[in-house]
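Asker: Whatever this is, show me its structure:
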Amino acid sequence: QNTNRPRTKTKLTMKTAILATLIASASAFAPAQTARTSSALNVDVTKEIGALTPLGYFDPLGVIGNPTDADDEDFARRRYVELKHGRVAMLAVVGYLVTYAGVRFPGAEDIPCGFAALPAVPGMVWAQMIATWATMEAANRDIGMSEFPGDFRNGFIDFGWDKQSDAWKESKRTIELNNGRAAQMGITALMVHDAMGNIKDVLPY
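Answerer: Numbering: from 1, shown residues only. Model prediction:
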């Protein structure tokens with residue numbers, strides 16, 4: 001009698017589940033088709049949040065085209081993507097530093113940090129994480145541009161945003177954008193040094 005059949009069937013089922021969640025997450029990451037509240041078709045992006053001294057408006061590749069007469073919808077989509085990447089990068093930097101310092105969830109004490117963690121994480125944990133990401137993307141894809149690109153307020157937690165002045169809002173949005181930009185560079189540097197094997201020279205604690 002072949003005793004390996006149940007184990008093989010389990011492995012196939014696990015691979016099928018992981019593949020299904022990967023497909024779901026890929027579709028969930030597609031750009032959200034949301035209507036903007038602005039009726040303007042074009043915008044001067046040199047006056048938008050993020051164009052700061054000393055560089056001011058910075059688009060060396062000319063992705064936007066004419067910055068003083070840019071497509072409003074296209075710019076909103078790009079700003080949404082930039083904010084999203086920045087938020088993920090901020091979480092990634094914090095996560096890398098925390099795990100590098102030795103902090104672990106119960107049961108994951110033997111999981112290393114950095115790229116070494118990728119093959120060490122069990123397959124079912126990967127499946128659960130990907131399914132969670134896909135669910136979050138699917139649930140939030142239609143509410144990301146309420147007042148501005150990246151606005152995910154749900155009427156429950158907004159920390160009194162509507163009660164603040166426009167200057168205060170612009171300041172907070174600028175801070176988040178800049179922190180996200182810095183985090184994208186930071187996590188890239190950590191990944192490069194991790195891959196090079198000299199991360200201890202960067203984080204010597």
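
Asker: where exactly do the strands run in the chain?
Answerer: For the chain, strands defined by DSSP state E occupy the ranges 42-43, 70-71.

Asker: Return the list of strands paired to the last one, each annotated with direction.
Answerer: Just to be clear, that refers to strand 70-71. Looking at strand 70-71 with DSSP bridges, its partner strands are strand 42-43 (antiparallel).

Asker: And the strand it pairs with, how far out from the chain middle?
Answerer: 26 Å (Cα atoms, centre = their mean, to the nearest Å).

Asker: Might you report the residue contacts of the spatially most central residue of the chain?
Answerer: The chain has residue 88 as the residue nearest its centroid, 2.9 Å off, counting by Cα atoms, centre = their mean. If you count contacts by Cβ atoms under 8 Å, 6 or more residues apart in numbering, residue 88 has none. In this view, the C-beta of every residue, glycine as well, is placed from N, C-alpha and C.

Asker: Could you dump the strands of the chain into JSON lines with mean neighbour count added?
Answerer: Compiled in JSON lines, the strands of the chain are given as follows (neighbours: other Cβ atoms under 10 Å):
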{"stretch": "strand 42-43", "mean neighbour count": "17"}
{"stretch": "strand 70-71", "mean neighbour count": "18"}
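
Asker: quick one: which of the ones you listed is nearest residue 168?
Answerer: If you check each of the strands of the chain against residue 168 by Cβ to Cβ, strand 42-43 wins as the nearest, at 22.3 Å.

Asker: coming back round to it: and the strands of the chain, which one is worst for confidence?
Answerer: Here the lowest mean pLDDT among the strands of the chain goes to strand 42-43, at a mean of 88.

Asker: For residue 149, which residues are in contact?
Answerer: Counting by Cβ under 8 Å, 6+ apart, residue 149 has contacts 76-77, 79-80, 83.

Asker: how close does it get to residue 173?
Answerer: To residue 173, residue 149 is 10 Å away according to Cβ to Cβ, to the nearest Å.

Asker: likewise residue 200?
Answerer: In terms of Cβ to Cβ, residue 200 sits 37 Å off from residue 173.
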